[in-house]
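**Q** Here is a sequence with its predicted model. Questions after.
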Amino acid sequence: MTTGRPVPSVTRTGTARTGATTNHADRFRSSTRLVEDGTVTARSAEDRLLIVVRHGDAGDKGRWGGPDLLRPLSPTGRRQAEGLVFRLEDYPVEQILCSPTVRCHQTVEPLARDRLLPIQSVAALGVDAEPAQVRSVFWHWRLRDAVLCTHGETIAQLFTQLAADGMAVAEPLHWPKGSTWLLRRTQRQVHARYLGPLALDPVTTA
């Protein structure tokens, strides 16, 4: 079973779990709200919350001997992936889209399990995507309450365009590995809020 709305050039991977319960969707579906700068604000039907995530730490690229597409997360990156679940626990997520790379998939796998959602692999979020491809995903009219997990190069392309168009943002634009940007997209403007990476401490046993 898969859920979510279609976007161009999407390959779905994974299967949503059944038989489990979650209150994320129920919590937000009726009120459709989001928190910005500590304030709860009502969203209109035109608002779109898009959550842009840079993949977690994937070690030293120069020391990886295989194809870059298959480079996995490091232990730090895996803790950042687990931390993403807590970072986004107060925000609605109806879709999870990501680059075809292993490191991006691994970054959103804990979130996908938590929200009972499939991961949708999107070539336009890949490291070699053209700027026009990235923009086409971000501005897709059906995309709402979606996580977009991608690469630093891709985020730079997107933010360059959004900044030129007058994106409203209080923090300096930067995107370290494992970080998140909450982008509230309206018909008139994009409002951005930064969430730093959160690497959970590994579980230890006595």
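**A** All right, it came through fine. Numbers count the residues shown, from 1 in each chain.
**Q** Check the average confidence over stretch 144-152, would you?
**A** When pLDDT is averaged over stretch 144-152, the result is 96.
**Q** Go through it and flag the buried ones.
**A** Applying a neighbour-count criterion of 16 or more other Cβ atoms under 10 Å, one finds 144, 145, 146, 147, 148, 149, 150, 151 buried in stretch 144-152. Just so you know, the C-beta spots here come from the backbone N, C-alpha and C atoms, and that holds for glycine as well.
**Q** Can you verify my assumption that the second one contacts residue 88?
**A** No. Using Cβ atoms under 8 Å, residue 145 makes no contact with residue 88, being 10.7 Å away.
**Q** Mind listing the shared neighbours of these two?
**A** Shared contacts of residue 145 and residue 88, defined by Cβ atoms under 8 Å, 6 or more residues apart in numbering, are absent.
**Q** Can you list which of the buried residues of stretch 144-152 are found in strands?
**A** Secondary structure from DSSP state E places 146, 147, 148, 149, 150 of these in strands.
**Q** is the closest residue to residue 167 other than its chain neighbours in a bridge, and if so with what?
**A** Once flanking residues are discounted, residue 167 sits nearest to residue 190: 4.6 Å by Cβ to Cβ, 6 or more residues apart in numbering. Using DSSP bridges, the bridge partners assigned to residue 190 are residue 185.
**Q** residues near the closest residue to residue 135 other than its chain neighbours, how many?
**A** What sits nearest to residue 135 in space, not counting adjacent residues and going by Cβ to Cβ, 6+ apart, is residue 161, at 6.1 Å. Residue 161 has 17 neighbours, counted by other Cβ atoms under 10 Å.
**Q** quick one: which of the ones in strands among the buried residues of stretch 144-152 is nearest to residue 73?
**A** The shortest gap between residue 73 and any of these belongs to residue 149, at 11.6 Å (Cβ to Cβ).
**Q** With adjacent residues omitted, what lies nearest to that closest one?
**A** Using Cβ to Cβ, 6+ apart, the closest residue to residue 149 is residue 98 (3.7 Å).
**Q** That neighbour pairs with what?
**A** In this structure, residue 98 bridges to residue 121, residue 149 when assessed by DSSP bridges.
**Q** picking that back up, what residues of the helix or strand encompassing the residue nearest to residue 135 count as buried?
**A** In this assignment (DSSP states H and E), residue 161 forms part of helix 152-164. Of the residues in helix 152-164, those scored as buried under the neighbour-count criterion (16+ other Cβ under 10 Å) are 154, 155, 157, 158, 159, 161, 162.
**Q** can you check stretch 85-102 too?
**A** For stretch 85-102, by 16+ other Cβ under 10 Å, it's 85, 87-88, 91-99, 101-102.
**Q** For that stretch, the averaged confidence score.
**A** Here the average pLDDT along stretch 85-102 is 96.
**Q** starting at the chain centroid, how far to that stretch?
**A** Distance of stretch 85-102 from the chain centroid (Cα atoms, centre = their mean, to the nearest Å) equals 4 Å.
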